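J.: I would like to see how this sequence folds:
(4 chains)
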2 protein chains.
Amino acid sequence: MKRPTGKPAKGRQRRARRATSVDVARLAGVSQSAVSRCFTPGASISEKTRSKILAAAQRLDYAPNAIARTLISGRSRIVGVVLPNITNLFYPEVLHELSLRLQAAGLRVLLFNVPYGQQIDDVMPDVLQYQVDGIITSARCSAAVGADCRRRGVPIVFYNREFPELPGSSVKCNQVAGAARLADLLIDAGHRRIGLIAGPDNSPTAHDRERGFVQRLRARGVDLCARAGGDFLYDIARAAARSMLGQPRRPDALFCANDTMAFGAMDAARHDVGLAVPDDVSIVGFDDSGPSRWRGYDLTTVRQPLEAMTAAAVELLVQSFGQPGMPAARRLIDGELVVRSSARVAPPASD
Amino acid sequence: MKRPTGKPAKGRQRRARRATSVDVARLAGVSQSAVSRCFTPGASISEKTRSKILAAAQRLDYAPNAIARTLISGRSRIVGVVLPNITNLFYPEVLHELSLRLQAAGLRVLLFNVPYGQQIDDVMPDVLQYQVDGIITSARCSAAVGADCRRRGVPIVFYNREFPELPGSSVKCNQVAGAARLADLLIDAGHRRIGLIAGPDNSPTAHDRERGFVQRLRARGVDLCARAGGDFLYDIARAAARSMLGQPRRPDALFCANDTMAFGAMDAARHDVGLAVPDDVSIVGFDDSGPSRWRGYDLTTVRQPLEAMTAAAVELLVQSFGQPGMPAARRLIDGELVVRSSARVAPPASD
DNA sequence: CGCGCGATTGCATACGTATGCGCTTCAACG
DNA sequence: CGTTGAAGCGCATACGTATGCAATCGCGCG
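T.: Numbers count the residues shown, from 1 in each chain, chains lettered A, B, ... in the order given. Presented below is the predicted three-dimensional model:
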């Protein structure tokens, strides 16, 4: 008998020991099992015992140790939320909605911010070490990591991404359809010289938006008259718009692949080139981020239905908790066209 | 012997069992202790054993179970980040910086978003259940909860808040000094009719900014000529500015307690009242949030030194991990005046 | 070649809780 | 009053890892 029971280790105990279920059991005169059942919804326990235990627990200021619970039950009730580049004006709202809904579902959010220049694969091992019950992410992971999650039975939901080759469900705003509606709006307003400021090359979202827009243009017999990359950033888009609109045969309408770039384009038009919006040039964006509503921009755009998307993501995740098969559902949700004053809606009266 | 060792429980095993340190030990032909030491930095282990173990671990695709590690070591390496109302334009950047720095320090972020209308005290028990090593928050908790954390040895760092009566360190931008510099700037530019759009009544930050501004005004012999609440929101501030600037004897300068309200005020001045900024009215804000740099606003404001504040917060937290005494350090960091074009900087040439 | 000492290693235990199983209790029913 | 069954309870064990202690190994020195 090297180390008799009851004699605590020495190096331990750096922090005040909090009461355990054993302490509560002792005080309440019941077994530790009873205490556990008292705090397990749906467990078999009498009302009398429960109240005795609750009283003791309150006196000792006891709360169940979620970590120990996780270890034995195999369920952590933690969801890993893995986001690249939180500063993008769109993610904060996502994270806000997401955390509220997950909390409401009794789940905790373990947040992983993938630093610029790093891949999601680099942080994935860390996520898995914490035994998360599921993962919500808007980044692409490698097939190896995907298989890893599948093997471990950790469901993944891709947010605004879709990777058919990877295991996991996905929730997406229909970027293609949204961009097409903007194309329709511009053409219906009589625009024929239409320019585009695109997002980053590596962003599937940006790609979808561009594709949806250009395809619809083509289908209606119109070609882009200008294109530049804006990287989803204000400054780059503003510079791009400035040079585009400075040309002699300039576009009379501009589609920007997100709102932030549209703000840059509007500022370029007004302040750098001296054009009026929408009288000289119509400008539309995508996202309906906060400043779109501001009087200084009043941007026509497509709103991503955040609430619906987030609700769907949480729903899909919770569903797959039961099924190890992971049915891999796909949800495609339409965005909502928000017409404001940054683009004219009808051809000019006289031509 | 009710349940012989080795016979696994039935209800368990809903997910694929991942390899454990025991599996790795068996494959590598060493003890489980050796595996543990192999993954514990600084532990005593020979190079030969380490490589054997690493090979076995790789074959089994093993990674240590952070939850089990937490249970026995008493340290989770998880930090609870408790934020109210993430949508505030300022918090996303905070969260971004914070998560990056905590991750860099080997810590995980368990995010708690306090829903509107709920108190931080309501979520604190949940935070503590997960055995977090520390807490960073920008909300006030009750004395009871504070004492609770102290007793459990969980250090708290208040971010941009300071509660002398509560245990815990704090990091704060010097709101008072920053607002005073804005007051100086306006007075130096010759403004004497100065209005203020305040933040929410329950926000200490808003309160500090107002106090700092008004005190400096007084000290230099100037009184506020108008005041209204803007609740940190664009729409409310815009309406307030509209009515303020519509008066016959209107202010010729406006201090808004945050940037978002300043944008509302600028839009009100230009579009609702028809005044030029800064020729007819100077407008200043506080935060230096993204749109401040945009050409459409180009706002004179005070930048909160996010990087420094965040670094300090993480540093204070990590420091207190060792000391159960929790020295409760206070860091006050000055903001940086950012002069742009929304406020004139010198008295008009002729009067 | 023997000794001594530091570096490694293995053994055993502990962390706090969930849960299968068997026993007890108790109420309902005939 | 005996029988039956369900509900409640306690016992014992398991989850996966860290760590004190003792035993062992390996190496240098005399």
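
J.: contacts for the lowest-mean-pLDDT helix or strand in chain A next, please.
T.: Ranked by mean pLDDT, DSSP states H and E, the weakest helix or strand in chain A is helix A:143-152, scoring a mean of 87. Surrounding helix A:143-152, the residues in contact under the criterion CB atoms under 8 Å, 6 or more residues apart in numbering or on different chains are A:120-121, A:124, A:128, A:135, A:155-156, A:163, A:165-168, A:326, B:15-16, B:18, B:61. Using the backbone N, CA and C atoms, a C-beta is placed for each residue, glycine as well.

J.: can you give me the pLDDT of A:Glu307?
T.: Note on A:Glu307: pLDDT of 93.

J.: list the contacts for it?
T.: So A:Glu307 contacts A:Glu97 (CB under 8 Å, 6+ apart).

J.: would you say it is within a helix?
T.: Yes: using DSSP: H, G, I helix; E, B strand; the rest coil, the assignment for A:Glu307 is a helix.

J.: tally of neighbours for A:Arg303?
T.: 16 (other CB atoms under 10 Å in any protein chain shown).

J.: what is it paired to in the beta sheet?
T.: A:Asp287, A:Glu336 (DSSP bridges).

J.: quick one: contacts for it?
T.: Counted by CB under 8 Å, 6+ apart, A:Arg303 has contacts A:Asp287, A:Asp288, A:Gly335, A:Glu336, A:Leu337, A:Val338.

J.: how does chain A divide up, domain by domain?
T.: Domains of chain A are assigned by automatic domain parsing as A:21-64, A:73-174+A:306-335, A:175-304.

J.: deepest-packed of those domains, please.
T.: By mean neighbour count, with neighbours taken as mean count of other CB atoms under 10 Å in any protein chain shown, domain A:175-304 ranks first of the domains of chain A at a mean of 21.

J.: quick one: end-to-end distance for it.
T.: End-to-end span of domain A:175-304 (CA to CA, to the nearest Å): 9 Å.

J.: can you check stretch A:117-137 too?
T.: First-to-last residue span, stretch A:117-137, CA to CA: 17 Å.

J.: next, work out how far apart the residue most central in space within chain A and DNA strand C are.
T.: Most central in chain A under CA atoms, centre = their mean is A:Val94, positioned 4.5 Å from the mean C-alpha point. For A:Val94, the distance to DNA strand C equals 31 Å [CB to the nearest atom of the strand, to the nearest Å].

J.: and what of A:Asp184?
T.: Taken as CB to the nearest atom of the strand, the span from A:Asp184 to DNA strand C is 54 Å.

J.: again, but for A:Ala219
T.: 56 Å.

J.: same deal with A:Lys52?
T.: 15 Å.

J.: list the residues that contact that residue.
T.: Here A:Lys52 is in contact with A:Ala28, A:Gly29, A:Val30 (CB under 8 Å, 6+ apart).

J.: pretty sure it is in a helix, no?
T.: Yes: judged by three-state DSSP, A:Lys52 forms part of a helix.

J.: any idea how far it lies from B:Leu245?
T.: From A:Lys52 over to B:Leu245 the distance is 66 Å, taken as CB to CB, to the nearest Å.

J.: kindly report the same for A:Leu196.
T.: Applying CB to CB, the value for A:Leu196 to B:Leu245 is 39 Å.

J.: hang on, the earlier thing: from the contacts of A:Lys52, which land in helices?
T.: A:Ala28 (DSSP state H).

J.: got the CA coordinates for stretch A:61-77 in CSV?
T.: Output of stretch A:61-77 as CSV, limited to C-alpha atoms (Å, rounded to 0.1, in the frame of the first residue of the first chain):
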residue,chain,number,x,y,z
ASP,A,61,-22.3,25.6,-3.0
TYR,A,62,-22.0,22.5,-5.1
ALA,A,63,-22.3,22.4,-8.9
PRO,A,64,-21.6,19.3,-11.0
ASN,A,65,-18.2,19.2,-12.6
ALA,A,66,-18.9,19.2,-16.3
ILE,A,67,-15.4,17.9,-17.1
ALA,A,68,-15.8,14.8,-15.0
ARG,A,69,-19.2,14.4,-16.5
THR,A,70,-17.8,14.6,-19.9
LEU,A,71,-15.1,12.0,-19.2
ILE,A,72,-17.5,9.3,-18.2
SER,A,73,-20.5,10.1,-20.3
GLY,A,74,-18.5,10.7,-23.5
ARG,A,75,-20.5,13.8,-24.2
SER,A,76,-19.0,17.2,-23.6
ARG,A,77,-21.9,19.4,-24.7
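
J.: what average pLDDT does that stretch get?
T.: Across stretch A:61-77, pLDDT averages out at 94.

J.: list of residues touching it?
T.: In contact with stretch A:61-77 (CB under 8 Å, 6+ apart) are residues A:18-21, A:23-24, A:39, A:56-57, A:78, A:106-108, A:130-133, B:12, B:14-15, B:65, B:67-68, B:70-71, B:76, B:125, B:128-131, B:148.
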